[in-house]
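**Q** Only the shape, not the letters, is given here:
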């Protein structure tokens with residue numbers, strides 16, 4: 001019996017005593033669990049809580065989500081980033097409405113067919129909402145298992161994930177699969193932490209974790225080195241006319257797809273001339289940086305007063321519209337102060 005085999009009972013005891021009080025745990029319907037899991041992809045729990053509550057107040061049921069407009073959906077998601085998750089969530093709701101008669105599918109295999117749902121999310125929803133004994137293997141779970149077993153396998157490889165998933169599938173407690181999956185995630189999120197800082201003294205596996213016994217917990221899991229992010233220097237043009245600011249919508253595909261933004265261009269380009277805009281006055285508007293997964297925008301704003309018309313499909317927006325009607329990405333919210341001081 002290795003460390004992973006020995007973990008089940010002490011893990012579930014630990015979880016019962018230490019689990020965080022999270023809103024999707026108090027009422028784990030499939031819809032609520034799916035919303036939470038997609039929000040939590042690449043985002044910390046603390047950052048998700050207020051967005052989750054706001055989202056469910058506005059769209060409390062799956063039919064509400066399916067019927068929502070794209071602008072309402074993106075406005076509710078505004079600030080969370082990775083907006084493709086919101087679109088996939090709505091696509092899943094519409095798929096359930098159209099193909100499953102509005103009944104949330106209850107098997108792992110059916111849930112896995114929903115847009116934006118992979119093995120981990122399908123396992124989480126199936127086990128937590130429906131008690132299906134299937135694993136949910138995310139980065140936290142991979143880290144916990146790699147340390148328990150002192151595994152040298154690269155956790156970024158599909159083969160490693162497949163092996164861990166098979167091991168966990170054989171260990172799933174039939175009566176509590178949802179608790180087991182959440183307990184593993186919770187252990188990785190609150191105790192078996194990444195970046196060399198595990199809290200081994202609080203871990204239910206401290207007496208038999210191989211990495212801890214060997215003094216190697218900070219060395220594991222094995223991952224390839226991250227590639228450096230690409231840096232783009234951009235000028236953000238805060239264009240004003242008659243107390244309103246210019247906004248444009250991003251393309252329907254690609255980075256920040258479909259969101260509105262203050263117009264910007266690579267630094268050094270004569271963008272104003274290309275857009276047919278002649279400035280009446282200009283002034284510096286501050287700087288900001290926004291970090292995406294593989295990209296950084298280093299932005300410098302330019303305040304521009306103009307009397308010209310905007311390019312086709314751009315809009316002049318009031319303060320109320322910038323705040324509520326047009327969903328902007330958090331990449332440019334650093335310039336809101338400069339904008340709202342000049343518009344009404």
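**A** Yes, it's here. Quick caveat, the model's predicted, so the values are computed rather than measured.
**Q** Ignoring the adjacent residues along the chain, who's closest to residue 68?
**A** Spatial nearest neighbour of residue 68, excluding adjacent residues (C-beta to C-beta, 6 or more residues apart in numbering): residue 59 at 5.8 Å. To be clear about C-beta, it is placed using only N, CA and C from the backbone, and glycine gets the same treatment.
**Q** which ones are touching that neighbour?
**A** Listed by C-beta atoms under 8 Å, 6 or more residues apart in numbering, the contact set of residue 59 reads 65, 68, 76.
**Q** any idea which of these is the one closest to residue 229?
**A** Distance to residue 229, by C-beta to C-beta, is smallest for residue 76 among the contacts of residue 59, at 28.0 Å.
**Q** before we move on, which element is that closest one in?
**A** helix 70-77 (DSSP states H and E).
**Q** Same check on residue 166?
**A** helix 158-171.
**Q** ok, residues contacting that helix?
**A** Against helix 158-171 from outside (C-beta under 8 Å, 6+ apart): 4-5, 8, 119, 133-135, 137, 141-142, 145, 151, 153-155, 180, 184.
**Q** Measure how far it is from the centre of its chain, please.
**A** 24 Å (C-alpha atoms, centre = their mean, to the nearest Å).
**Q** residues in contact with the helix or strand just after that helix?
**A** Counting by DSSP H and E, the next helix or strand C-terminal to helix 158-171 is helix 177-190. Applying C-beta under 8 Å, 6+ apart, the contact partners of helix 177-190 are 8, 11-12, 14-15, 18-20, 25, 28, 45, 123-124, 127-129, 131-136, 138-141, 143-144, 168, 171-173, 199, 203-204.
**Q** Same question for stretch 35-55.
**A** Everything outside stretch 35-55 that qualifies as a contact, by C-beta under 8 Å, 6+ apart, is 20, 22-24, 56, 76-77, 79-82, 85-86, 88-89, 116, 120-121, 124-125, 189, 293.
**Q** what about it, start to end distance?
**A** Taking C-alpha to C-alpha, to the nearest Å, stretch 35-55 runs 9 Å from one end to the other.
**Q** Could I get the full set of helices for the stretch 1-150 of the chain?
**A** Under the criterion DSSP state H, counting those that start in this stretch, the stretch 1-150 of the chain carries helices at the ranges 3-18, 23-26, 30-40, 45-58, 62-67, 70-77, 84-99, 108-111, 119-130, 139-149.
**Q** Among those helices, which comes closest to residue 228?
**A** helix 139-149 (20.5 Å).
**Q** wait, residue 297 sits on residue 290?
**A** Yes: Residue 297 lies in contact with residue 290 (C-beta atoms under 8 Å); the separation is 4.7 Å.
**Q** Next, show the common contact partners of those two.
**A** The contact lists of residue 297 and residue 290 share residue 331, where a contact means C-beta under 8 Å, 6+ apart.
**Q** Report the contact partners of the closest residue to residue 324 other than its chain neighbours.
**A** Leaving aside its sequence neighbours, residue 324 sits nearest to residue 75 (C-beta to C-beta, 6+ apart; 7.1 Å). Contacts for residue 75 (C-beta under 8 Å, 6+ apart) come out as 324-325, 327.
**Q** Generate a PyMOL selection restricted to the buried subset of these.
**A** With 16 or more other C-beta atoms under 10 Å as the criterion, this PyMOL line picks the buried residues out of the contacts of residue 75:
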select buried, resi 327
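**Q** Out of the contacts of residue 75, which is nearest to residue 100?
**A** After measuring the contacts of residue 75 against residue 100 - C-beta to C-beta - the closest member comes out as residue 327, at 28.8 Å.
**Q** Was I right to think the closest one contacts residue 69?
**A** No: look at residue 327 against residue 69 with C-beta under 8 Å: they stay out of range, at 10.8 Å.
**Q** check contacts around the closest residue in space to residue 142 that isn't next to it in sequence.
**A** Nearest residue to residue 142, sequence neighbours excluded (C-beta to C-beta, 6+ apart): residue 155, at 4.4 Å. Contact analysis of residue 155 by C-beta under 8 Å, 6+ apart lists 139, 142-143, 146, 161, 221-223.
**Q** Let me know the closest of the contacts of residue 75 to residue 315.
**A** Nearest to residue 315 among these, with distances taken as C-beta to C-beta, is residue 325, at 9.4 Å.
**Q** The closest one and residue 319 touch, don't they?
**A** No: between residue 325 and residue 319 there is no contact under C-beta under 8 Å: 10.7 Å.
**Q** Let me know the distance separating the spatially closest residue to residue 279 that is not a sequence neighbour from residue 155.
**A** By the measure of C-beta to C-beta, 6+ apart, the closest residue to residue 279 outside its immediate chain neighbours is residue 304, 4.8 Å from it. Counting by C-beta to C-beta, to the nearest Å, the gap from residue 304 to residue 155 is 48 Å.
**Q** pLDDT score for residue 41?
**A** We have a pLDDT of 88 for residue 41.
**Q** typed the wrong thing, it's residue 251
**A** Reading off the model, residue 251 has pLDDT 89.
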